[in-house]
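> no sequence for this one, just the structure:
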């Protein structure tokens with residue numbers, strides 16, 4: 001049964017990587033996709049600028065300073081230092097992967113009003129990749145180690161929602177296309193499948 005589950009995750013990861021390749025072909029061919037414009041316009045219709053402060057708070061949860069702080073804090077707090085080390089290693093590896101992919105794809109950022117200062121290339125979104133990999137790994141750890149079912153469901157739901165909100169916040173702030181976010185989520189999902197498969201047996 002466990003083998004079937006593992007194979008399903010690998011098959012899903014392969015399918016998603018094919019989708020990622022198709023997505024990159026499209027973003028290299030066109031300046032932006034229809035879905036990019038539609039999602040940006042929708043978010044700007046439903047979210048007023050008066051909420052900008054809260055949007056910035058949400059987006060910072062996917063930024064380097066908060067993620068580094070959380071990773072180090074978890075390492076210090078957790079009794080199982082091996083788990084803490086893997087949390088830090090996970091963040092380092094996904095950051096390196098994001099830098100490599102951005103410099104291979106070289107997609108410019110949207111030429112619209114940016115509500116926060118950002119530089120560098122746009123695809124895949126660093127915030128989307130890092131938040132999905134970091135909080136996604138925490139979701140895996142919670143699923144594996146937390147025994148209280150209600151607490152487990154609550155924490156997983158909160159972290160899943162946070163990942164989505166971070167991604168959408170980058171689009172609203174004008175620093176990423178929606179396709180950058182999807183690309184980041186896809187890569188991080190596939191990366192996590194491999195990362196967890198490698199370190200799974202080393203976790204106590």
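All right, it came through fine. Computed from a prediction, not measured in an experiment: that's the story for all the values here.

> For the spatially most central residue of the chain, which non-adjacent residue is spatially closest?
A centroid search over the chain (C-alpha atoms, centre = their mean) returns residue 132, at 2.7 Å, as the residue closest to the centre. Of all residues not flanking residue 132 in the chain, residue 188 sits nearest, at 3.7 Å (C-beta to C-beta, 6 or more residues apart in numbering). Every C-beta, even on glycine, is put in place using the N, C-alpha and C of the backbone.

> And the helix or strand of the chain with the lowest mean pLDDT, what's buried?
The least trusted helix or strand in the chain, going by mean pLDDT, DSSP states H and E, turns out to be helix 2-29, with a mean of 79. Neighbour-count burial for helix 2-29, counted by 16 or more other C-beta atoms under 10 Å, picks out 9, 13, 16, 20, 23, 24, 27.

> quick check, nearest of the residues you listed to residue 164?
Residue 164 has its nearest neighbour among these in residue 16, at 16.6 Å by C-beta to C-beta.

> show me the contacts for the residue lying closest to that closest one once chain neighbours are set aside.
Using C-beta to C-beta, 6+ apart and skipping residues adjacent in sequence, the residue nearest residue 16 is residue 186, 4.8 Å away. Each residue near residue 186 by C-beta atoms under 8 Å, 6 or more residues apart in numbering is listed here: 16, 17, 19, 20, 23, 124.
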